[in-house]
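Student: The following comprises the amino acid sequence and a computationally predicted model.
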Amino acid sequence: MSAMVDSYHQYVNNLSYDDLYNYPTHLKHLHTAYPIGRKVPSITDDMTVYEDFVKMVKALNYNGMISVEGSLNSTSPEDITAEIKASLKTLKSLFE
């Protein structure tokens, strides 16, 4: 059995990560997005919405992939690239 976690759904449904602490080896994949508008992470986000997700990832020593399933604000190729790079930087900063 494997587990996949989507932080967007955890947040909007007010779900706890507590059950995952009992089965850390089952955690195989993570999705995240800023839950207000389901956007890619941004430096302008209220970072407190990521706290439980980051705490769980760190506590379980998860070192696998985390994908972003959020919409972009940009439309031009150059702006999309810049927004994705900024989002990755924001996401990485949460785990420093």
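Tutor: Perfect, thanks for sending it. Numbers count the residues shown, from 1 in each chain.
Student: going forward, measure contacts and count neighbours with C-alpha atoms only.
Tutor: OK.
Student: what comes into contact with the lengthiest helix in the chain?
Tutor: For the chain, the helix with the greatest residue count under DSSP state H is helix 77-94. With contact meaning CA atoms under 8 Å, 6 or more residues apart in numbering, helix 77-94 is reached by 40-43, 50, 54, 72-74.
Student: quick one: which of these is nearest Tyr23?
Tutor: For the contacts of helix 77-94, the closest approach to Tyr23 (CA to CA) belongs to Val54, at 16.8 Å.
Student: Next SSE downstream of the helix or strand that closest one falls within?
Tutor: Val54 belongs to helix 51-59 when assigned by DSSP states H and E. Remark: after helix 51-59, the chain's next helix or strand is strand 66-68, criterion DSSP H and E.
Student: For that following strand, buried residues please.
Tutor: Using 16 or more other CA atoms under 10 Å as the test for burial, strand 66-68 gives 66, 68.
Student: That one - contacts with which helices or strands?
Tutor: Under the contact definition 3 or more CA pairs under 8 Å, 6 or more residues apart in numbering; DSSP states H and E, strand 66-68 sits against strand 27-32.
Student: and the strand it packs on, what other elements does it pack with?
Tutor: Looks like strand 27-32 contacts strand 3-6, helix 7-12, strand 66-68 (3+ CA pairs under 8 Å, 6+ apart).
Student: and that strand with helix 77-94, angle?
Tutor: With axes from the mean of the first three to the mean of the last three CA atoms, to 10 degrees defining the directions, strand 27-32 sits at 120 degrees from helix 77-94.
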